[in-house]
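**Student:** what follows is a predicted protein model with its sequence.
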Amino acid sequence: MSDKKSKKPHKLKARLPRGFTDRTASDIRATDEMVAKIRGVFERYGFDPVETPAFEYTDALGKFLPDQDRPNEGVFSLQDDDEQWMSLRYDLTAPLARHVAQNINAIALPYRTYRQGWVFRNEKPGPGRFRQFMQFDADTVGAPGVQADAEMAMMMADTMEALGIKRGDYVIRVNNRKVLDGVMEAIGLGGEENAGKRLTVLRAIDKLDKFSPNDVLLLLTTGRWDGGKQGVGDFTEGAGLAANVAENVLGFILDGRFQVESRAGLMEGGKGHTASFTSPVSSAVGGDLFDNRSVHAGVQELANIQQSCRASGYGPDRIRIDPSVVRGLEYYTGPVYEAELLFDVVNEKGETVQFGSVGGGGRYDGLVKRFTGQDVPATGFSIGVSRLMTALKNLGKLGTDDMVAPVLVTVMDGGTEALGRYQKMTQDLREAGIRAEMYQGNWKKFGNQLRYADRRGCPIAIIQGSDEREKGIVQIKDMIEGRKEAAAIESNEEYRAARPGQFEVAEGDLVAEVTKLLAAQAENT
RNA sequence: GCGGGCGUAGCUCAGUUGGUUAGAGCGCUGGAUUGUGGCUCCAGAGGUCGGUGGUUCAAAUCCACCCGCUCGUACCA
């Protein structure tokens, strides 16, 4: 190796841990805008904000991590100096349960509350999936009835629309954990000893929005190769159900909306099968899954939710019963809901990407009880703000940074007295509510000042040199108009002499003239 | 976690049996032009060739391991 290389000091490499990201000005503005809209809906529904910290004791977050007991698996954890384990929250629900339990005597139930915040998951990140991301939650604590769940579904729908997603471009799909639990029971997967197998079956069902019914059938039975055929790529272990049982379950799920509505006496205008997969539903092993008590109870609740939504004018174009909705695997006990976008999301490369759900939630009757011992039923949902923002951005419904860059007051004279005058001009503009800044770089390179203004997107530059000063005027340079005029000029001498887009006004008229020009520019965009 | 692809300047990429001092375009900085963005011309800065180890007289190039990005899959409370 050469001497030159070994002498060179190692520079510290600027980098971020993977799965974390910096947010730009336009990201932050877009997020703020979204959050304000969501908050507007929640406030209108009579919810109040509450905030909990990013850290909780690990045991308060609960052990809802299947197969994993180590505190660092999936969550970011560290030991406090008294050796107690603390973790960064991975959602906003468990911390809320802790907050309610801790203040149970001070809080009037039912407690309607919302909050937004960063949550952290120590998982492999991917496009649109981060290890720190923002959620916005609403919960009703202490409300046992399905009316609270129906309200959640309707509020979700309203939120989607408030965010500019048109009716028909989203749907809130509703299911009930009791239905899935009952199905598991009916096919002989009840009880503790089958917990693992049950999980596999539910995961397979949850894949229906990603895989074809036939692939899901493979997952329910023998397993699936991700390379497309036998022996190619990675093998996913199947649930090991008998073929006819798997078909029965799959048929129940796929034809679920139709079946649930008919069994609950809620048929709406002859809508039928939601997928092409057909199966001999009741003849197969497992019998008629509707005969199961839990399935029956779950369907009844879904019928009530649906009736409530319909009575309030929320049709199946907005809120829809769908037995394939699984949602998280551990703490939900009743109705679950999921918000899904129905339009294609296209990424920067022009590829259509599977977007999946942008929010969801459900009933978690056991979560507060862990702390209090008494039953405190609750239901709520969560919006994936970061994820939804990605979708809206790609859709062009957000993220167009409409903040106008500041007016730049250029500096032609670096003397103390002159700088005071430039500062004064800048302050005058600010006092009139106009974003403005005085150039803070090396004033001696005037070309750089305008180049700065150009790159920053400044709409206007203010120029006052000694000539203007003597005459009591300032030059207002319309950067947008100037760019247009400059395009027609070829020689540099001419270009420099032309001062494109500029006009002179009396010093005293500066604010009025800038205001006028900004208004005119806004008209033309 | 498992499997595939990729990793050379700020960005996009050249660089083939391993062989002098690793290149281009764009961008950046300075100048032509001490008061005008763009155009043009000139000059300059910028590289641990992802990292470590190995093979070799010689490695950006070959081998091993690791790291990172990416696609699929798994996991996702």
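**Tutor:** In hand now; what should we look at?
**Student:** tell me which stretches of the stretch 251-400 of chain A form helices.
**Tutor:** Using DSSP state H, counting those that start in this stretch, the helices of the stretch 251-400 of chain A run over residues A:256-263, A:293-311, A:369-372, A:385-395.
**Student:** contacts for stretch A:43-59, please.
**Tutor:** Applying CB atoms under 8 Å, 6 or more residues apart in numbering, the contact partners of stretch A:43-59 are A:39, A:71, A:75, A:77, A:84-89, A:92, A:94-96, A:98-99, A:112-115, A:117-118, A:120, A:138, A:151, A:155, A:158. From N, CA and C alone the C-beta is placed, and that goes for glycine too.
**Student:** brain fart, stretch A:176-192
**Tutor:** Applying CB under 8 Å, 6+ apart, the contact partners of stretch A:176-192 are A:194, A:197-198, A:201-202, A:205, A:241, A:245, A:248-249, A:252, A:260, A:285-287, A:289, A:291-299, A:301-302, A:323, A:326, A:332-336, A:362-363.
**Student:** let me know the helix or strand that A:Val201 is in.
**Tutor:** helix A:195-206 (DSSP states H and E).
**Student:** and that helix, which residues are buried?
**Tutor:** For helix A:195-206, a neighbour-count test (16 or more other CB atoms under 10 Å) marks A:197-202, A:204-206 as buried.
**Student:** now pLDDT and distance to RNA strand B too, for those, in CSV please.
**Tutor:** Below are the buried residues of helix A:195-206 laid out as CSV (pLDDT from 0 to 100; distance: CB to the nearest atom of the strand, whole Å):
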residue, pLDDT, distance to RNA strand B
A:Lys197, 89, 12
A:Arg198, 89, 12
A:Leu199, 88, 7
A:Thr200, 91, 7
A:Val201, 93, 10
A:Leu202, 92, 9
A:Ala204, 93, 8
A:Ile205, 92, 11
A:Asp206, 89, 8
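**Student:** please identify which two of the residues you listed are farthest apart in space.
**Tutor:** Pairwise distances across the buried residues of helix A:195-206 (CB to CB) peak at 15.0 Å, for the pair A:Lys197 and A:Asp206.
**Student:** so how far is A:Ala94 from the closest residue to RNA strand B within the stretch 251-400 of chain A?
**Tutor:** Of all residues in the stretch 251-400 of chain A, A:Gly328 sits closest to RNA strand B, at 2.8 Å by CB to the nearest atom of the strand. Distance, A:Gly328 to A:Ala94, using CB to CB, to the nearest Å: 11 Å.
**Student:** sorry, back to before: just the contacts of stretch A:43-59 that are near RNA strand B?
**Tutor:** Contacts with RNA strand B within the contacts of stretch A:43-59, counted by CB under 7 Å from any atom of the strand: A:75, A:94.
**Student:** pLDDT (mean, whole number) over stretch A:25-32?
**Tutor:** For stretch A:25-32, the mean pLDDT works out to 87.
**Student:** list the buried residues for it?
**Tutor:** For stretch A:25-32, burial by neighbour count (16+ other CB under 10 Å) applies to A:27, A:29-31.
**Student:** list the contacts for the residue positioned nearest the centre of chain A?
**Tutor:** Nearest residue to the geometric centre of chain A (CA atoms, centre = their mean): A:Val385, 2.3 Å. Contacts for A:Val385 (CB under 8 Å, 6+ apart) come out as A:31, A:34-35, A:38, A:116, A:133-136.
**Student:** let's see 10 Å
**Tutor:** By CB atoms under 10 Å, 6 or more residues apart in numbering, the contact set of A:Val385 is A:31, A:34-35, A:38, A:116-118, A:133-136, A:163, A:358-359.
**Student:** out of those, which are buried?
**Tutor:** Buried members of the contacts of A:Val385, counted by 16+ other CB under 10 Å: A:31, A:34-35, A:38, A:116-117, A:133-136, A:163, A:358-359.
**Student:** filter the residues you listed down to the ones in helices?
**Tutor:** Among the buried ones among the contacts of A:Val385, the ones falling in helices (DSSP state H) are A:31, A:34-35, A:38.
**Student:** and the stretch 401-525 of chain A, which residues reach RNA strand B?
**Tutor:** So far as CB under 7 Å from any atom of the strand goes, the stretch 401-525 of chain A lies against RNA strand B at A:412, A:444-448, A:450-451, A:453-454, A:463, A:465-468, A:475, A:477-483, A:486-487, A:489-492, A:495-496, A:499-502.
**Student:** try 6 Å
**Tutor:** A:412, A:444-447, A:450-451, A:454, A:463, A:465-468, A:475, A:477, A:479, A:482-483, A:486, A:489-490, A:492, A:495-496, A:499-502 (CB under 6 Å from any atom of the strand).
**Student:** neighbour count says what about the residues you listed? Which are buried?
**Tutor:** Neighbour-count burial (16+ other CB under 10 Å) applied to those gives A:412, A:450, A:463, A:468, A:475, A:477, A:479, A:482, A:500-501.
**Student:** make TSV from the residues you listed and add pLDDT to it.
**Tutor:** Putting these into TSV (pLDDT from 0 to 100) gives the following:
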residue	pLDDT
A:Met412	94
A:Leu450	94
A:Ile463	96
A:Glu468	94
A:Gln475	96
A:Lys477	96
A:Met479	94
A:Gly482	92
A:Pro500	91
A:Gly501	92
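**Student:** tell me the one of those residues nearest RNA strand B?
**Tutor:** A:Gly482 (1.7 Å).
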